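Asker: any chance you could fold what I've pasted below:
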Amino acid sequence: MQKAFLKYCNEIGLGKDDKILVALSGGLDSVALLYLMHMSGFYVEAAHCNFNLRGEESDADAQFVKELCAALGLPVHVKNFDTEAYANDFGISIQMAARDLRYAWFEELRSKNGLAYIATAHHRDDQVETVLINLSRGTGLKGMQGMKPLQNKIIRPLLFTDRSALEVWMQKEKHAYREDSSNASIKYTRNKLRHQVIPILKTLNPSLSTTVQENVERFVGSETNLSFLLEKERQNIVLQKGTEQHFILSALTAYPSPSSVLYYFISDFGFHDWKAIENMLNSESGKIIYSQTHALLKDREVLVLREKKTVEQSRYLIEKTKSGISSPLKMQFSCVPAKDFKINTSSLVAALDYDKLTFPLELRKWKEGDAFQPLGLKGKKKLSDFFIDQKKNLFEKENTWLLCSNDQIVWVVGSRIDERFKLVEKTQKVYLAELNDVFGK
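Answerer: Numbers count the residues shown, from 1 in each chain. All right, here's what the predicted structure looks like:
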(Lines give C-alpha, C1' and ligand atoms only; values in the text may rest on other atoms or scores of the structure.)
Protein backbone atom coordinates (compact mmCIF):
# COMPACT_ATOMS: atom_id res chain seq x y z
CA MET A 1 0.00 0.00 0.00
CA GLN A 2 2.72 2.49 0.94
CA LYS A 3 4.66 1.80 -2.24
CA ALA A 4 1.54 2.34 -4.39
CA PHE A 5 0.76 5.46 -2.36
CA LEU A 6 4.17 7.00 -3.01
CA LYS A 7 3.96 6.11 -6.69
CA TYR A 8 0.59 7.87 -7.00
CA CYS A 9 1.81 10.92 -5.08
CA ASN A 10 4.64 11.22 -7.56
CA GLU A 11 2.27 10.84 -10.52
CA ILE A 12 0.01 13.67 -9.35
CA GLY A 13 2.92 16.00 -8.65
CA LEU A 14 3.20 15.82 -4.86
CA GLY A 15 6.83 16.36 -3.85
CA LYS A 16 8.53 14.95 -0.74
CA ASP A 17 9.34 18.49 0.39
CA ASP A 18 5.71 19.63 0.21
CA LYS A 19 4.18 20.37 3.60
CA ILE A 20 0.71 18.92 3.97
CA LEU A 21 -2.39 19.69 6.03
CA VAL A 22 -4.38 16.45 6.40
CA ALA A 23 -8.15 16.74 6.89
CA LEU A 24 -8.55 14.27 9.75
CA SER A 25 -12.06 13.23 10.79
CA GLY A 26 -10.87 10.21 12.74
CA GLY A 27 -12.58 7.76 10.40
CA LEU A 28 -10.89 4.91 8.53
CA ASP A 29 -10.10 6.84 5.34
CA SER A 30 -8.54 9.93 6.92
CA VAL A 31 -6.61 7.95 9.53
CA ALA A 32 -5.19 5.74 6.77
CA LEU A 33 -4.18 8.88 4.85
CA LEU A 34 -2.49 10.34 7.93
CA TYR A 35 -0.47 7.17 8.56
CA LEU A 36 0.54 6.82 4.91
CA MET A 37 1.73 10.43 4.66
CA HIS A 38 3.57 10.23 7.99
CA MET A 39 5.21 6.88 7.19
CA SER A 40 6.23 8.14 3.75
CA GLY A 41 8.22 11.02 5.20
CA PHE A 42 5.96 13.97 4.42
CA TYR A 43 5.77 16.90 6.82
CA VAL A 44 2.22 16.67 8.10
CA GLU A 45 -0.15 18.72 10.22
CA ALA A 46 -3.69 17.56 10.95
CA ALA A 47 -6.93 19.52 11.11
CA HIS A 48 -10.11 18.22 12.75
CA CYS A 49 -13.55 19.85 12.62
CA ASN A 50 -15.99 19.25 15.45
CA PHE A 51 -19.31 20.18 13.90
CA ASN A 52 -21.18 19.42 17.15
CA LEU A 53 -23.82 17.40 15.35
CA ARG A 54 -23.50 14.08 17.19
CA GLY A 55 -23.12 15.14 20.84
CA GLU A 56 -20.71 12.99 22.83
CA GLU A 57 -19.72 11.04 19.72
CA SER A 58 -18.38 14.24 18.09
CA ASP A 59 -16.39 15.07 21.23
CA ALA A 60 -14.99 11.53 21.34
CA ASP A 61 -13.84 11.87 17.70
CA ALA A 62 -11.97 15.07 18.58
CA GLN A 63 -10.31 13.43 21.59
CA PHE A 64 -9.27 10.43 19.48
CA VAL A 65 -7.68 12.71 16.89
CA LYS A 66 -5.73 14.63 19.55
CA GLU A 67 -4.41 11.40 21.11
CA LEU A 68 -3.48 9.91 17.72
CA CYS A 69 -1.51 12.97 16.66
CA ALA A 70 0.19 13.17 20.05
CA ALA A 71 1.28 9.55 19.71
CA LEU A 72 2.70 10.28 16.24
CA GLY A 73 4.27 13.58 17.31
CA LEU A 74 2.26 15.57 14.76
CA PRO A 75 0.79 19.07 15.15
CA VAL A 76 -3.01 19.01 15.29
CA HIS A 77 -5.59 21.77 14.97
CA VAL A 78 -9.11 21.25 16.34
CA LYS A 79 -11.99 23.70 15.95
CA ASN A 80 -15.59 23.64 17.14
CA PHE A 81 -18.34 24.90 14.83
CA ASP A 82 -21.98 25.79 15.39
CA THR A 83 -22.96 24.14 12.12
CA GLU A 84 -26.71 24.29 12.61
CA ALA A 85 -26.64 28.04 13.28
CA TYR A 86 -24.51 28.61 10.17
CA ALA A 87 -26.90 26.55 8.05
CA ASN A 88 -29.91 28.50 9.35
CA ASP A 89 -28.19 31.87 8.85
CA PHE A 90 -27.38 31.14 5.21
CA GLY A 91 -30.42 29.02 4.38
CA ILE A 92 -28.40 25.97 3.31
CA SER A 93 -28.30 22.29 4.24
CA ILE A 94 -26.28 20.97 7.16
CA GLN A 95 -24.00 19.14 4.72
CA MET A 96 -23.33 22.29 2.70
CA ALA A 97 -22.75 24.28 5.88
CA ALA A 98 -20.23 21.72 7.13
CA ARG A 99 -18.46 21.78 3.77
CA ASP A 100 -18.25 25.58 3.68
CA LEU A 101 -16.97 25.82 7.25
CA ARG A 102 -14.51 22.99 6.79
CA TYR A 103 -12.79 24.18 3.63
CA ALA A 104 -12.71 27.84 4.66
CA TRP A 105 -10.92 26.91 7.89
CA PHE A 106 -8.59 24.45 6.16
CA GLU A 107 -7.50 27.14 3.70
CA GLU A 108 -6.98 29.60 6.55
CA LEU A 109 -4.72 27.09 8.32
CA ARG A 110 -2.86 26.16 5.15
CA SER A 111 -2.08 29.76 4.29
CA LYS A 112 -1.25 30.82 7.85
CA ASN A 113 1.12 27.90 8.48
CA GLY A 114 2.88 27.96 5.11
CA LEU A 115 1.60 24.56 3.99
CA ALA A 116 1.52 23.53 0.33
CA TYR A 117 -1.69 21.48 0.14
CA ILE A 118 -4.81 20.35 1.97
CA ALA A 119 -5.00 16.55 1.66
CA THR A 120 -8.40 14.88 1.80
CA ALA A 121 -9.01 11.14 2.05
CA HIS A 122 -11.31 10.70 -0.95
CA HIS A 123 -10.78 7.35 -2.65
CA ARG A 124 -12.22 5.56 -5.68
CA ASP A 125 -15.50 4.66 -4.00
CA ASP A 126 -16.02 8.35 -3.27
CA GLN A 127 -15.25 9.01 -6.92
CA VAL A 128 -18.04 6.63 -7.97
CA GLU A 129 -20.48 8.49 -5.71
CA THR A 130 -19.42 11.88 -7.08
CA VAL A 131 -19.85 10.82 -10.71
CA LEU A 132 -23.28 9.31 -9.97
CA ILE A 133 -24.40 12.46 -8.14
CA ASN A 134 -23.28 14.65 -11.04
CA LEU A 135 -24.92 12.35 -13.56
CA SER A 136 -28.21 12.29 -11.64
CA ARG A 137 -28.31 16.09 -11.44
CA GLY A 138 -27.36 16.63 -15.07
CA THR A 139 -23.83 17.33 -16.26
CA GLY A 140 -21.39 17.41 -19.16
CA LEU A 141 -17.86 16.20 -19.66
CA LYS A 142 -16.56 18.22 -16.71
CA GLY A 143 -19.00 16.65 -14.28
CA MET A 144 -18.14 13.17 -15.52
CA GLN A 145 -14.53 13.79 -14.52
CA GLY A 146 -15.52 13.62 -10.87
CA MET A 147 -12.91 14.76 -8.37
CA LYS A 148 -9.48 15.71 -9.62
CA PRO A 149 -6.42 14.37 -7.77
CA LEU A 150 -5.03 17.90 -7.60
CA GLN A 151 -7.32 20.93 -7.73
CA ASN A 152 -6.02 24.32 -6.63
CA LYS A 153 -4.67 23.62 -3.14
CA ILE A 154 -6.71 20.44 -2.57
CA ILE A 155 -4.92 17.14 -3.12
CA ARG A 156 -6.50 13.67 -3.02
CA PRO A 157 -3.69 11.10 -2.69
CA LEU A 158 -6.01 8.09 -2.16
CA LEU A 159 -7.78 8.13 -5.51
CA PHE A 160 -5.59 5.25 -6.60
CA THR A 161 -7.35 2.82 -4.22
CA ASP A 162 -10.75 1.96 -2.70
CA ARG A 163 -12.17 1.54 0.78
CA SER A 164 -11.90 -2.25 0.89
CA ALA A 165 -8.16 -2.09 0.21
CA LEU A 166 -7.75 0.55 2.89
CA GLU A 167 -9.68 -1.63 5.37
CA VAL A 168 -7.39 -4.59 4.66
CA TRP A 169 -4.28 -2.44 5.11
CA MET A 170 -5.54 -0.81 8.33
CA GLN A 171 -6.36 -4.23 9.82
CA LYS A 172 -2.96 -5.58 8.82
CA GLU A 173 -1.19 -2.59 10.40
CA LYS A 174 -3.50 -2.75 13.45
CA HIS A 175 -4.35 0.94 13.25
CA ALA A 176 -7.39 2.11 15.23
CA TYR A 177 -9.98 4.53 13.88
CA ARG A 178 -13.43 5.87 14.70
CA GLU A 179 -16.78 4.86 13.19
CA ASP A 180 -19.15 7.73 12.36
CA SER A 181 -22.69 6.55 13.13
CA SER A 182 -24.16 9.10 10.65
CA ASN A 183 -22.52 7.19 7.80
CA ALA A 184 -25.19 4.52 8.22
CA SER A 185 -28.03 6.99 7.67
CA ILE A 186 -29.57 7.08 4.18
CA LYS A 187 -31.09 10.55 4.53
CA TYR A 188 -28.00 11.97 2.81
CA THR A 189 -27.55 11.53 -0.96
CA ARG A 190 -24.05 10.04 -0.74
CA ASN A 191 -25.08 7.51 1.88
CA LYS A 192 -28.15 6.51 -0.11
CA LEU A 193 -25.94 5.83 -3.14
CA ARG A 194 -23.36 4.07 -0.99
CA HIS A 195 -25.79 1.72 0.74
CA GLN A 196 -28.59 1.23 -1.79
CA VAL A 197 -27.43 1.97 -5.35
CA ILE A 198 -23.75 1.11 -5.62
CA PRO A 199 -24.11 -2.42 -4.13
CA ILE A 200 -26.56 -3.23 -6.96
CA LEU A 201 -24.17 -1.83 -9.57
CA LYS A 202 -21.37 -3.94 -8.10
CA THR A 203 -23.40 -7.08 -8.73
CA LEU A 204 -23.13 -6.13 -12.41
CA ASN A 205 -19.49 -5.13 -12.18
CA PRO A 206 -17.53 -6.12 -9.05
CA SER A 207 -14.69 -3.82 -10.21
CA LEU A 208 -17.01 -0.81 -10.43
CA SER A 209 -14.68 1.69 -8.72
CA THR A 210 -11.79 0.74 -11.02
CA THR A 211 -13.99 0.94 -14.11
CA VAL A 212 -15.38 4.34 -13.12
CA GLN A 213 -11.88 5.70 -12.45
CA GLU A 214 -10.73 4.46 -15.87
CA ASN A 215 -13.76 6.16 -17.45
CA VAL A 216 -12.99 9.34 -15.53
CA GLU A 217 -9.51 9.34 -17.04
CA ARG A 218 -11.02 8.97 -20.52
CA PHE A 219 -13.41 11.85 -19.84
CA VAL A 220 -10.45 13.94 -18.73
CA GLY A 221 -8.72 13.13 -22.03
CA SER A 222 -11.81 14.05 -24.04
CA GLU A 223 -12.23 17.31 -22.15
CA THR A 224 -8.55 18.13 -22.65
CA ASN A 225 -8.87 17.60 -26.40
CA LEU A 226 -12.07 19.64 -26.55
CA SER A 227 -10.43 22.44 -24.59
CA PHE A 228 -7.42 22.41 -26.92
CA LEU A 229 -9.60 22.70 -30.03
CA LEU A 230 -12.01 25.32 -28.68
CA GLU A 231 -9.27 27.53 -27.30
CA LYS A 232 -7.81 27.68 -30.81
CA GLU A 233 -11.22 28.94 -31.98
CA ARG A 234 -11.84 31.32 -29.07
CA GLN A 235 -10.95 34.45 -31.05
CA ASN A 236 -13.55 33.52 -33.69
CA ILE A 237 -16.28 32.93 -31.10
CA VAL A 238 -15.64 35.41 -28.30
CA LEU A 239 -14.98 39.14 -28.51
CA GLN A 240 -13.65 40.92 -25.44
CA LYS A 241 -15.27 44.33 -25.11
CA GLY A 242 -14.02 46.07 -21.99
CA THR A 243 -15.19 43.96 -19.07
CA GLU A 244 -17.76 42.13 -21.20
CA GLN A 245 -17.44 39.02 -23.36
CA HIS A 246 -19.54 38.89 -26.53
CA PHE A 247 -20.29 35.45 -28.00
CA ILE A 248 -21.03 35.56 -31.71
CA LEU A 249 -24.16 33.52 -32.37
CA SER A 250 -23.33 32.77 -36.01
CA ALA A 251 -20.01 31.26 -34.87
CA LEU A 252 -21.69 29.18 -32.16
CA THR A 253 -24.44 27.87 -34.42
CA ALA A 254 -21.88 26.71 -36.97
CA TYR A 255 -21.11 23.80 -34.60
CA PRO A 256 -23.20 20.60 -34.52
CA SER A 257 -23.91 21.22 -30.80
CA PRO A 258 -23.85 25.00 -30.16
CA SER A 259 -25.01 24.64 -26.55
CA SER A 260 -22.03 22.41 -25.72
CA VAL A 261 -19.63 25.00 -27.10
CA LEU A 262 -21.35 27.79 -25.20
CA TYR A 263 -21.34 25.67 -22.02
CA TYR A 264 -17.59 25.22 -22.36
CA PHE A 265 -17.00 28.98 -22.38
CA ILE A 266 -19.46 30.02 -19.66
CA SER A 267 -19.49 27.14 -17.16
CA ASP A 268 -16.52 28.63 -15.28
CA PHE A 269 -18.74 31.64 -14.56
CA GLY A 270 -21.30 29.53 -12.69
CA PHE A 271 -23.70 28.65 -15.53
CA HIS A 272 -24.59 24.96 -15.25
CA ASP A 273 -28.26 24.76 -16.25
CA TRP A 274 -28.05 23.04 -19.65
CA LYS A 275 -31.70 23.66 -20.51
CA ALA A 276 -31.42 27.39 -19.78
CA ILE A 277 -28.24 27.58 -21.88
CA GLU A 278 -29.91 25.78 -24.80
CA ASN A 279 -32.92 28.10 -24.58
CA MET A 280 -30.71 31.20 -24.72
CA LEU A 281 -29.55 30.28 -28.22
CA ASN A 282 -33.13 30.30 -29.55
CA SER A 283 -34.61 33.04 -27.37
CA GLU A 284 -35.69 36.51 -28.40
CA SER A 285 -33.34 39.46 -27.98
CA GLY A 286 -33.45 40.78 -24.41
CA LYS A 287 -33.60 37.38 -22.71
CA ILE A 288 -31.26 37.20 -19.71
CA ILE A 289 -30.14 34.42 -17.35
CA TYR A 290 -28.04 34.66 -14.20
CA SER A 291 -25.47 32.66 -12.29
CA GLN A 292 -24.45 33.66 -8.76
CA THR A 293 -21.78 36.00 -10.13
CA HIS A 294 -22.63 36.78 -13.77
CA ALA A 295 -25.41 37.67 -16.19
CA LEU A 296 -25.80 36.45 -19.78
CA LEU A 297 -27.87 38.58 -22.16
CA LYS A 298 -29.21 37.77 -25.65
CA ASP A 299 -28.62 40.91 -27.74
CA ARG A 300 -29.59 40.36 -31.37
CA GLU A 301 -26.60 38.55 -32.95
CA VAL A 302 -24.52 38.11 -29.79
CA LEU A 303 -24.72 36.82 -26.23
CA VAL A 304 -23.21 39.28 -23.77
CA LEU A 305 -21.56 38.02 -20.57
CA ARG A 306 -20.70 40.33 -17.70
CA GLU A 307 -20.34 40.33 -13.93
CA LYS A 308 -23.39 41.15 -11.88
CA LYS A 309 -23.34 44.76 -10.80
CA THR A 310 -23.11 45.53 -7.11
CA VAL A 311 -25.46 48.09 -5.60
CA GLU A 312 -23.79 51.46 -5.92
CA GLN A 313 -24.43 55.04 -4.91
CA SER A 314 -26.97 56.43 -7.36
CA ARG A 315 -26.22 60.17 -7.09
CA TYR A 316 -22.97 62.15 -7.25
CA LEU A 317 -22.58 65.94 -7.05
CA ILE A 318 -20.10 67.77 -9.28
CA GLU A 319 -19.04 71.17 -7.89
CA LYS A 320 -17.93 73.87 -10.32
CA THR A 321 -14.36 73.64 -8.96
CA LYS A 322 -14.17 69.86 -9.51
CA SER A 323 -11.59 68.97 -12.18
CA GLY A 324 -12.27 65.25 -12.32
CA ILE A 325 -13.72 62.13 -10.69
CA SER A 326 -12.66 58.47 -10.68
CA SER A 327 -15.95 56.96 -9.49
CA PRO A 328 -18.48 55.90 -10.66
CA LEU A 329 -16.91 56.93 -13.98
CA LYS A 330 -13.54 58.35 -14.88
CA MET A 331 -14.35 61.90 -16.01
CA GLN A 332 -12.56 65.21 -16.40
CA PHE A 333 -14.11 68.68 -16.17
CA SER A 334 -12.78 72.03 -17.36
CA CYS A 335 -13.91 75.47 -18.42
CA VAL A 336 -12.42 77.46 -21.32
CA PRO A 337 -13.28 80.78 -23.01
CA ALA A 338 -15.46 80.26 -26.06
CA LYS A 339 -12.89 82.02 -28.27
CA ASP A 340 -10.28 79.39 -27.33
CA PHE A 341 -12.56 76.38 -27.78
CA LYS A 342 -11.87 73.91 -30.59
CA ILE A 343 -14.78 71.71 -31.67
CA ASN A 344 -14.52 68.04 -30.65
CA THR A 345 -17.08 65.76 -32.32
CA SER A 346 -16.40 62.77 -30.04
CA SER A 347 -19.45 61.42 -28.20
CA LEU A 348 -17.17 61.07 -25.17
CA VAL A 349 -16.92 64.85 -24.82
CA ALA A 350 -19.78 67.20 -23.92
CA ALA A 351 -19.26 70.88 -24.74
CA LEU A 352 -21.87 72.88 -22.81
CA ASP A 353 -22.77 76.53 -22.36
CA TYR A 354 -21.37 77.29 -18.91
CA ASP A 355 -23.80 80.11 -18.16
CA LYS A 356 -26.81 77.80 -18.69
CA LEU A 357 -25.65 75.41 -15.98
CA THR A 358 -26.61 75.45 -12.31
CA PHE A 359 -24.02 73.99 -9.95
CA PRO A 360 -23.50 71.60 -8.39
CA LEU A 361 -24.22 69.34 -11.33
CA GLU A 362 -25.63 65.91 -10.58
CA LEU A 363 -24.37 62.61 -12.02
CA ARG A 364 -26.96 59.85 -11.66
CA LYS A 365 -28.29 56.66 -13.20
CA TRP A 366 -31.22 56.97 -15.59
CA LYS A 367 -34.71 55.94 -14.50
CA GLU A 368 -38.02 55.21 -16.18
CA GLY A 369 -39.79 58.41 -17.21
CA ASP A 370 -36.58 60.37 -17.86
CA ALA A 371 -36.77 62.59 -20.95
CA PHE A 372 -34.54 65.14 -22.65
CA GLN A 373 -34.26 67.14 -25.86
CA PRO A 374 -31.58 65.40 -27.96
CA LEU A 375 -29.22 67.74 -29.79
CA GLY A 376 -30.72 68.66 -33.15
CA LEU A 377 -34.34 67.87 -32.23
CA LYS A 378 -37.10 70.35 -31.43
CA GLY A 379 -39.11 68.28 -28.99
CA LYS A 380 -38.43 66.10 -25.99
CA LYS A 381 -37.89 62.36 -26.23
CA LYS A 382 -38.16 59.73 -23.54
CA LEU A 383 -34.84 58.09 -22.77
CA SER A 384 -36.45 54.67 -23.22
CA ASP A 385 -37.30 55.63 -26.83
CA PHE A 386 -33.85 57.16 -27.33
CA PHE A 387 -32.29 53.84 -26.24
CA ILE A 388 -34.40 51.99 -28.80
CA ASP A 389 -33.22 54.37 -31.52
CA GLN A 390 -29.62 53.83 -30.39
CA LYS A 391 -30.16 50.03 -30.30
CA LYS A 392 -28.82 49.84 -26.76
CA ASN A 393 -29.08 46.46 -25.07
CA LEU A 394 -30.18 45.90 -21.48
CA PHE A 395 -26.64 46.01 -20.10
CA GLU A 396 -25.89 49.25 -21.95
CA LYS A 397 -29.07 50.79 -20.56
CA GLU A 398 -28.12 49.74 -17.05
CA ASN A 399 -24.70 51.33 -17.57
CA THR A 400 -26.13 54.69 -18.65
CA TRP A 401 -25.38 57.75 -16.51
CA LEU A 402 -26.88 61.22 -16.83
CA LEU A 403 -25.24 64.57 -16.14
CA CYS A 404 -27.96 66.91 -14.88
CA SER A 405 -28.34 70.58 -14.02
CA ASN A 406 -31.19 71.66 -11.76
CA ASP A 407 -33.01 68.36 -12.47
CA GLN A 408 -32.67 68.79 -16.25
CA ILE A 409 -30.67 66.28 -18.27
CA VAL A 410 -27.62 68.01 -19.73
CA TRP A 411 -25.83 65.01 -21.18
CA VAL A 412 -26.65 61.34 -21.67
CA VAL A 413 -23.06 60.48 -20.84
CA GLY A 414 -21.19 59.07 -23.80
CA SER A 415 -24.15 59.53 -26.18
CA ARG A 416 -25.84 62.91 -26.69
CA ILE A 417 -26.12 66.35 -25.08
CA ASP A 418 -29.38 68.21 -24.61
CA GLU A 419 -30.29 70.82 -27.25
CA ARG A 420 -31.00 73.43 -24.56
CA PHE A 421 -27.41 73.43 -23.28
CA LYS A 422 -25.59 73.52 -26.61
CA LEU A 423 -23.10 76.23 -27.58
CA VAL A 424 -24.52 79.25 -29.39
CA GLU A 425 -23.06 82.47 -30.84
CA LYS A 426 -23.54 84.30 -27.54
CA THR A 427 -21.73 81.61 -25.50
CA GLN A 428 -18.96 83.17 -23.42
CA LYS A 429 -17.55 80.14 -21.59
CA VAL A 430 -17.52 76.47 -22.54
CA TYR A 431 -17.86 73.79 -19.86
CA LEU A 432 -16.20 70.56 -20.99
CA ALA A 433 -17.10 67.17 -19.52
CA GLU A 434 -14.98 64.33 -20.86
CA LEU A 435 -15.56 60.62 -20.30
CA ASN A 436 -12.34 58.59 -20.01
CA ASP A 437 -13.88 55.31 -18.82
CA VAL A 438 -15.78 54.00 -21.85
CA PHE A 439 -16.65 50.73 -20.14
CA GLY A 440 -17.48 52.21 -16.75
CA LYS A 441 -20.39 51.18 -14.54
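Asker: tell me the buried residues in the worst-scoring helix or strand of the chain on mean pLDDT?
Answerer: Lowest by mean pLDDT, DSSP states H and E among the helices and strands of the chain is helix 394-398, with a mean of 84. Neighbour-count burial for helix 394-398, with 16 or more other CB atoms under 10 Å as criterion, is recorded at 394-396. For the C-beta atoms, the positions are set from N, CA and C on the backbone; glycine is no exception.
Asker: just the residues you listed now: which is nearest residue 39?
Answerer: Nearest to residue 39 among those: residue 395, at 56.7 Å, using CB to CB.
Asker: quick one: contacts for that closest one?
Answerer: 244, 295, 297, 299, 304, 306 (CB atoms under 8 Å, 6 or more residues apart in numbering).
Asker: nearest to residue 215, of those?
Answerer: residue 295 (35.0 Å).
Asker: wasn't that closest one part of a strand?
Answerer: Yes. Looking at residue 295 with DSSP: H, G, I helix; E, B strand; the rest coil, it is inside a strand.
Asker: wait, isn't it in contact with residue 280?
Answerer: No. At 11.4 Å, residue 295 and residue 280 do not qualify as touching, with contact defined as CB atoms under 8 Å.
Asker: what's the next secondary structure element after the lengthiest helix in the chain?
Answerer: Longest helix of the chain, by residue count under DSSP state H: helix 208-237. Helices and strands here follow DSSP states H and E; after helix 208-237, the next one along the chain is strand 238-241.
Asker: now residue 66. Nearest residue, chain neighbours left out?
Answerer: residue 76 (5.9 Å; CB to CB, 6 or more residues apart in numbering).
Asker: and the one you found, how far is that from residue 245?
Answerer: Distance, residue 76 to residue 245, using CB to CB, to the nearest Å: 46 Å.
Asker: try residue 315
Answerer: 30 Å.
Asker: which one of the two is surrounded by more residues?
Answerer: residue 245 (21 against 9; other CB atoms under 10 Å).
Asker: on that earlier part again, could the buried residues of helix 394-398 go into CSV alongside distance to residue 226?
Answerer: CSV is the format used below for those (distance: CB to CB, whole Å):
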residue, distance to residue 226
394, 31
395, 29
396, 33
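Asker: from the residues you listed, pick the one nearest residue 146.
Answerer: residue 395 (35.8 Å).
Asker: poorly predicted segments of the protein, please.
Answerer: Applying pLDDT under 70 to the chain flags the ranges 310-313, 437-441.
Asker: now with 50?
Answerer: 439-441 (pLDDT under 50).
Asker: quick one: buried residues of the longest helix of the chain?
Answerer: Neighbour counts using 16+ other CB under 10 Å place 208-209, 212-213, 216, 219-220, 223, 226, 230, 237 of helix 208-237 among the buried residues.
Asker: which residues touch residue 359?
Answerer: 318-320, 405.
Asker: now residue 279, nearest residue through space, not along the chain?
Answerer: residue 287 is the one closest to residue 279 (CB to CB, 6+ apart), at 7.8 Å.
Asker: so the one you found sits against residue 280, correct?
Answerer: Yes. Counting by CB under 8 Å, residue 287 touches residue 280, with 6.3 Å between them.
Asker: can you pull the residues that touch both of the two?
Answerer: In contact with both residue 287 and residue 280: residue 298, using CB under 8 Å, 6+ apart.
Asker: who's more crowded, the two?
Answerer: Taking neighbours as other CB under 10 Å, residue 287 and residue 280 compare with residue 280 leading, 23 against 16.
Asker: got the buried residues for the host helix or strand of that one?
Answerer: Assigned by DSSP H and E, residue 280 falls within helix 274-282. Within helix 274-282, the residues that count as buried by 16+ other CB under 10 Å are 276-278, 280-281.
Asker: mind listing the helices for the stretch 301-441 of the chain?
Answerer: Taking DSSP state H, counting those that start in this stretch, the helices of the stretch 301-441 of the chain run over residues 383-390, 394-398.
Asker: would CSV of these with distance to residue 195 be doable?
Answerer: What follows is those, written out as CSV (distance: least, CB to CB, whole Å):
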stretch, distance to residue 195
helix 383-390, 58
helix 394-398, 48
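Asker: ok, which of those comes nearest residue 39?
Answerer: The nearest among these, by CB to CB, is helix 394-398 at 56.7 Å.
Asker: and the helices in the stretch 1-150 of the chain?
Answerer: Listed in chain order, the helices of the stretch 1-150 of the chain (DSSP H, counting those that start in this stretch) span 2-11, 28-39, 56-72, 83-90, 94-112, 124-137.
Asker: of those, which stretch is the most buried?
Answerer: helix 28-39 (a mean of 22; mean count of other CB atoms under 10 Å).
Asker: hmm, who's touching it?
Answerer: 1-2, 5, 20, 22-24, 44, 46, 68, 72, 74, 119-123, 157-158, 163, 166-167, 169-170, 173, 175-178.
Asker: ok, which of the helices of the stretch 301-441 of the chain comes nearest residue 424?
Answerer: Taking CB to CB as the criterion, helix 383-390 is the member of those that comes nearest to residue 424, at 22.8 Å.
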